[in-house]
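Undergrad: Structure of the sequence below:
(4 chains)
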4 protein chains.
Amino acid sequence: MNHEPAKNDNRAILLISCPERLGIISAVSNLLLSYKANIVQFDQHTTDPRDGMFFMRILFDLETLPESFGQLEQDLAKMAEDYPMDWRLSKESQRKRMAIFVSKMDHCLVELLWRVKSKEIRVDIPMVISNHPDAKETVEAYGIPFYHIPLATQSKEEAERKALELLQGNVDFIVLARYMQILSPRFIAHYPNQIINIHHSFLPAFIGANPYKRAFMRGVKLIGATAHYVTNDLDEGPIIEQDVIRVNHRYTEEDLKVAGRHVERNVLAQAISWHVEDKVIVYGNKTIVFA
Amino acid sequence: MNHEPAKNDNRAILLISCPERLGIISAVSNLLLSYKANIVQFDQHTTDPRDGMFFMRILFDLETLPESFGQLEQDLAKMAEDYPMDWRLSKESQRKRMAIFVSKMDHCLVELLWRVKSKEIRVDIPMVISNHPDAKETVEAYGIPFYHIPLATQSKEEAERKALELLQGNVDFIVLARYMQILSPRFIAHYPNQIINIHHSFLPAFIGANPYKRAFMRGVKLIGATAHYVTNDLDEGPIIEQDVIRVNHRYTEEDLKVAGRHVERNVLAQAISWHVEDKVIVYGNKTIVFA
Amino acid sequence: MNHEPAKNDNRAILLISCPERLGIISAVSNLLLSYKANIVQFDQHTTDPRDGMFFMRILFDLETLPESFGQLEQDLAKMAEDYPMDWRLSKESQRKRMAIFVSKMDHCLVELLWRVKSKEIRVDIPMVISNHPDAKETVEAYGIPFYHIPLATQSKEEAERKALELLQGNVDFIVLARYMQILSPRFIAHYPNQIINIHHSFLPAFIGANPYKRAFMRGVKLIGATAHYVTNDLDEGPIIEQDVIRVNHRYTEEDLKVAGRHVERNVLAQAISWHVEDKVIVYGNKTIVFA
Amino acid sequence: MNHEPAKNDNRAILLISCPERLGIISAVSNLLLSYKANIVQFDQHTTDPRDGMFFMRILFDLETLPESFGQLEQDLAKMAEDYPMDWRLSKESQRKRMAIFVSKMDHCLVELLWRVKSKEIRVDIPMVISNHPDAKETVEAYGIPFYHIPLATQSKEEAERKALELLQGNVDFIVLARYMQILSPRFIAHYPNQIINIHHSFLPAFIGANPYKRAFMRGVKLIGATAHYVTNDLDEGPIIEQDVIRVNHRYTEEDLKVAGRHVERNVLAQAISWHVEDKVIVYGNKTIVFA
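TA: The predicted model follows:
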């Protein structure tokens, strides 16, 4: 589902990851029932029913959510002592805060600004950060603060330090909307599985720089884009979404770029939607997406 | 998931449909836990969390399945007295029996025979029935009985009566693999939501006869196919799967037919896979597909 | 090819439609050669090689184009006396002028404004006309005049008269970017095959009003959009482009609308690109698209 | 266009590649007109209008084709002295001869046999060669000779020598329908741009062995297949066609293989159709496909 309108204060999302063990679904659903929570969507995945990992996403309505949220968290923490499990409970009404990093190309940025304004993606955007001033006007027209942190006049370390000052405490996750800089491991460590990048190729094809040039040279018949979480291994992070578009011998390298832009925009926006709705669970170098 | 290899004797599928009511997931998962059943896949859908319908598919492993199957059925029947629910429990090891109806065009037939032989679709084919003799050799090469029930020399009523004699007790569901005859309500009543048809258009576009001719006249840029359950309203039954293929002004009407064949084959085979794996629930005129 | 950067003053496009007859390609290419024109792209289509219609698009470079354009037009007119043919010669450097009609929903409008600004579509937008004031700010931010012609306070005839006053002499073609009004035959007659509409369904499925509602009721598994030229027969004009997006049982009617928006945006923008680059020829109720 | 029914004796195809030069289209169309040939389809591509390469495919009808074919060839040879051009003239009625190489997996083989029998691909199959005996029955059921050339009991050199003895003079091109052996440069040299392979990934992703295993490990969201001409650089030959299919976290490695099979079948069959209809021109490491 791409869209959930009219968020209400009583709706919550519970994400659980744990080693496969008998009775987890039973235990969790009994707990929710004891609160009279009504399950709206239930998604589950097992890597191996014998000794694999178990993943679960439950969307539920609970009339007393504002009051009982804390107690429910305590009960889950207690349950996590018995079942060794990772869990996260969140209120649907509490909007995530997304920072956008951008360089010169604005197609992904504009797409995100429009989708957020149109309420297709329910997220707050406290800031946009760029190593170039080009997008300033576009961003500020939406009433969003724009910070220009140039890389020509300072070291990357210094620039990242300034960015972190702006970010910390103010954003939940970061989107690299065609941000043409490689982030340092030190920076990434602050936002594990909370930085989403759009790579302009169908990964793992054309890892690295200039994918369109190389796609043109190779004569591929499809052009792709990949949204993934950023890790220290460049272009190797967990893939959230990918898509392709058909091209042919008439496409120049420039045409490939234009075609690719449309795929990039859609793939990135889709990945962010899923991330915002807590539909993505990272496990090792892969994702479970309860789309 | 399109494919489940190596079926085991301990795996079962439980399908439940009922009006939305608090505690269903809890009740069912507790029951399964009392048998020490291990849930492998859990799918759920609600049309409306307040007063809608609730649908659930649970794939589970139970070491004692062969012995406990009967008792589990009794427990579910008992539960269905409290919660007014439709339910169906089936062993994954018990293969469904599929009859294929075909006329002259054999592309869907050949696709199905190959997929079944290749174990992509886990189903038995006790018979193929046709109003033409053309497919006899193809079918018998797979060691499957072929019955020719001509319509030129007898009434449709008579022909359907003969078909029913062959079918009853021997097949679980029927596939119309480009069977160019309309079945009577009397016949359909014997197999409610158990007859799958492939319509050679993107329904509801081009309902009725000659969809390719009309698609050609209309100048559409995509050609589609639709797999649906057969009801008394022609081409109006619940849609299981649809897909399209891109065409252009160069395509003659004959080219459209050829392009369409490939979509038909894939769409029909996909729909059958889902039906066979108990992934489709019919609700009103629509389907829930836990793909 | 979706994109042609860096237009030059020496490039021209010749479109020809005529009844099939021996020697047309030869005659036209000889004429162009006599000018030392260099053919860059040559596209051709025949409905029937014996007695059908012949269509041709030639993109060519001619160093002396600015001076020789008039003479070449005269030569083509002369040729058209021998071969009864429709032809149109245009300079690539001469940008078409596009008016956009919009109502309240702005997703198609915003997409077009961005693609034009990004030079993905080479077109001028002299004006946007709307029966609602909502899009005023969005449009004017691009420096484009916005005209609000309400329908609540005047007759449709009166409103169309005012629109025509604004349009005539100032625009070459009109795009209905989710304009929720039906244009009168009188209005359409001023812009034959020059009004492009985006219909929010995969035509001819769900002709008419509320396609998403009806798609939801019917339980389709794909949602589509269709860009077509407007004729007096509602939703029956020549189709330029169509596409679909996959949906499932989880999509509410509102979700279908959101999913559909993305298809609408892309399909409409693609159709306009082709129209602007003179790649579309209308023949009867169909289009030849030399994509 | 995927399909051309009812081939006639008067239809021919002319393919031309040459450096860009003024007047080529004129010269060729004048030559064809002098024979009173009627052009049915004309396709053209230029890599660069100034100093690039020029490619052309002309499908034409010529009433006197059987008698004039030789003379036309002479005229083209003469023209090729003036314009340094590669050209190939072929009668549509003259069917190409295709050998299929296969190992154990038969999904591509079965697809090709069925499409050829159904006249979707107009080609003769004089032989199928395999390093395993498994496909013998399937092939011979179509009345096609099957040759088992094992690799366990002889060197690859010896095996290739035997294959060449069977092939030479009897086949025009070779299809590797999931043939799990690497051909030697010596062998490939006999069939330059006449060996089509299906690679079970979206090249250049997952070049080399075990693409499905690696796709599973990498967690991609699309599975692809690539049909390409075989060169001495493994998996680096000119790409003819590619396609992908959507997968998700539920797919096991085995599921990916099954999903991939359907893409492989369609991509390979499509590439062969184009090759057979002389719609593919190789230029460097890329293809022009006049689809």
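Undergrad: For the rest of this, base every contact and every neighbour count on C-alpha atoms.
TA: Noted.
Undergrad: Tell me the residues of chain A that contact chain B?
TA: For chain A, the contact set with chain B under CA under 8 Å from any CA of the partner chain comprises A:22-23, A:25-26, A:29-30, A:33, A:36-46, A:48-49.
Undergrad: can you narrow those to ones near chain D?
TA: A:His45.
Undergrad: What number of residues are in the vicinity of whichever residue of the stretch 151-291 of chain A sits closest to chain D?
TA: Chain D sits closest to A:Ala205 of the stretch 151-291 of chain A, with a gap of 4.2 Å, by CA to the nearest CA. Neighbours of A:Ala205 under the rule other CA atoms under 10 Å in any protein chain shown: 17.
Undergrad: any idea how far A:Asn197 is from it?
TA: 16 Å (CA to CA, to the nearest Å).
Undergrad: Kindly report the same for A:Ile240.
TA: A:Ile240 sits 10 Å away from A:Asn197, taking CA to CA as the criterion.
Undergrad: Looking only at neighbour counts, state which of these two leads.
TA: A:Ile240 (30 against 26).
Undergrad: C-terminal to the helix or strand harbouring that one, what's the next element?
TA: Element membership of A:Ile240, judged by DSSP states H and E, is strand A:239-246. Using DSSP H and E, the helix or strand that follows strand A:239-246 towards the C-terminus is helix A:253-276.
Undergrad: and that next one, C-alpha only, in PDB?
TA: C-alpha atoms of helix A:253-276 as PDB (Å, rounded to 0.1, in the frame of the first residue of the first chain):
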ATOM      1  CA  GLU A 253      24.300   9.000 -23.100                       C
ATOM      2  CA  GLU A 254      22.300  12.200 -22.300                       C
ATOM      3  CA  ASP A 255      19.000  10.500 -23.100                       C
ATOM      4  CA  LEU A 256      19.900   7.700 -20.700                       C
ATOM      5  CA  LYS A 257      20.400  10.300 -18.000                       C
ATOM      6  CA  VAL A 258      17.000  11.800 -18.600                       C
ATOM      7  CA  ALA A 259      15.300   8.400 -18.700                       C
ATOM      8  CA  GLY A 260      17.200   7.400 -15.600                       C
ATOM      9  CA  ARG A 261      16.000  10.500 -13.700                       C
ATOM     10  CA  HIS A 262      12.400   9.300 -13.800                       C
ATOM     11  CA  VAL A 263      13.300   5.900 -12.500                       C
ATOM     12  CA  GLU A 264      15.500   7.500  -9.800                       C
ATOM     13  CA  ARG A 265      12.700   9.800  -8.600                       C
ATOM     14  CA  ASN A 266      10.100   7.000  -8.300                       C
ATOM     15  CA  VAL A 267      12.400   4.500  -6.800                       C
ATOM     16  CA  LEU A 268      13.700   6.900  -4.100                       C
ATOM     17  CA  ALA A 269      10.200   8.200  -3.300                       C
ATOM     18  CA  GLN A 270       8.900   4.600  -3.000                       C
ATOM     19  CA  ALA A 271      11.800   3.500  -0.700                       C
ATOM     20  CA  ILE A 272      11.200   6.600   1.500                       C
ATOM     21  CA  SER A 273       7.500   5.900   1.800                       C
ATOM     22  CA  TRP A 274       8.200   2.400   3.000                       C
ATOM     23  CA  HIS A 275      10.900   3.600   5.400                       C
ATOM     24  CA  VAL A 276       8.600   6.200   6.800                       C
END
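Undergrad: Okay, domains of chain A per the record?
TA: Under the assignment automatic domain parsing, the domains of chain A span A:11-91, A:96-289.
Undergrad: Dump the ones you listed into TSV; add mean pLDDT as well.
TA: Shown next, in TSV, are the domains of chain A (pLDDT from 0 to 100):
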stretch	mean pLDDT
domain A:11-91	95
domain A:96-289	96
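Undergrad: circling back: list the buried residues for the strand holding A:Ile240?
TA: A:Ile239, A:Ile240, A:Glu241, A:Gln242, A:Asp243, A:Val244 (16 or more other CA atoms under 10 Å in any protein chain shown).
Undergrad: Which elements pack onto it?
TA: Applying 3 or more CA pairs under 8 Å, 6 or more residues apart in numbering or on different chains; DSSP states H and E, one finds that strand A:239-246 contacts strand A:222-229, helix A:253-276, strand A:286-289.
Undergrad: Now with 6 Å, please.
TA: In terms of contacts (3 or more CA pairs under 6 Å, 6 or more residues apart in numbering or on different chains; DSSP states H and E), strand A:239-246 is packed against strand A:222-229.
Undergrad: and the strand it packs on, which strands flank it?
TA: Here strand A:222-229 is paired, per DSSP bridges, with strand A:195-199 (antiparallel), strand A:239-246 (antiparallel).
Undergrad: mind checking which helix or strand the closest residue to A:Glu92 other than its chain neighbours is in?
TA: Leaving aside its chain neighbours, A:Glu92 sits nearest to A:Ala12 (5.2 Å; criterion: CA to CA, 6 or more residues apart in numbering or on different chains). Counting by DSSP H and E, the element that carries A:Ala12 is strand A:11-19.
Undergrad: Following that strand in sequence, what is the next regular element?
TA: helix A:24-34.
Undergrad: Going by neighbour count, which residues of that next one are buried?
TA: Here helix A:24-34 shows A:Ile24, A:Ile25, A:Ser26, A:Ala27, A:Val28, A:Ser29, A:Asn30, A:Leu31, A:Leu32, A:Leu33 as buried, counting by 16+ other CA under 10 Å.
Undergrad: swap in stretch A:72-82?
TA: A:Leu72, A:Leu76, A:Ala77, A:Met79.
Undergrad: What helices and strands are in contact with the helix or strand containing the first one?
TA: It stands for A:Leu72. Assigned by DSSP H and E, A:Leu72 falls within helix A:65-82. For helix A:65-82, there is no helix or strand it packs on, judged by 3+ CA pairs under 6 Å, 6+ apart.
Undergrad: Report the angle between that helix and strand A:11-19.
TA: 10 degrees (axes from the mean of the first three to the mean of the last three CA atoms, to 10 degrees).
Undergrad: how distant is helix A:65-82 from the center of its chain?
TA: Relative to its chain's centre, helix A:65-82 lies at 26 Å (CA atoms, centre = their mean, to the nearest Å).
Undergrad: Now do the helix or strand just after that helix: distance to the chain's middle.
TA: Using DSSP H and E, the helix or strand that follows helix A:65-82 in sequence is strand A:86-91. From the chain centre to the centre of strand A:86-91 is a distance of 16 Å (CA atoms, centre = their mean).
Undergrad: partners of strand A:86-91, with directions?
TA: strand A:11-19 (antiparallel).
Undergrad: Using CSV, write out the CA atom coordinates for the strand it pairs with.
TA: Output in CSV follows, covering the C-alpha atoms of strand A:11-19 (Å, rounded to 0.1, in the frame of the first residue of the first chain):
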residue,chain,number,x,y,z
ARG,A,11,-2.8,3.7,15.6
ALA,A,12,0.7,2.2,16.3
ILE,A,13,3.2,0.0,14.6
LEU,A,14,5.2,-2.8,16.2
LEU,A,15,8.3,-4.2,14.5
ILE,A,16,9.9,-7.4,15.9
SER,A,17,13.0,-9.3,14.8
CYS,A,18,14.1,-12.4,16.6
PRO,A,19,15.5,-15.9,16.1
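Undergrad: buried subset of the residues of chain A next to chain B?
TA: Restricting those to buried positions leaves A:23, A:25-26, A:29-30, A:33, A:36-46, A:49, with burial counted as 16+ other CA under 10 Å.
Undergrad: hang on, the earlier thing: shouldn't the residue nearest to A:Glu92 be in contact with A:Lys91?
TA: Yes. Using CA atoms under 6 Å, A:Ala12 is in contact with A:Lys91, at 4.4 Å.
Undergrad: Who has more neighbours out of the two?
TA: Between A:Ala12 and A:Lys91, A:Ala12 has the larger neighbour count (other CA under 10 Å), namely 22 against 19.
Undergrad: partner residues bridging the more buried one?
TA: A:Phe60, A:Lys91.
Undergrad: distance of it from chain D?
TA: 24 Å (CA to the nearest CA, to the nearest Å).
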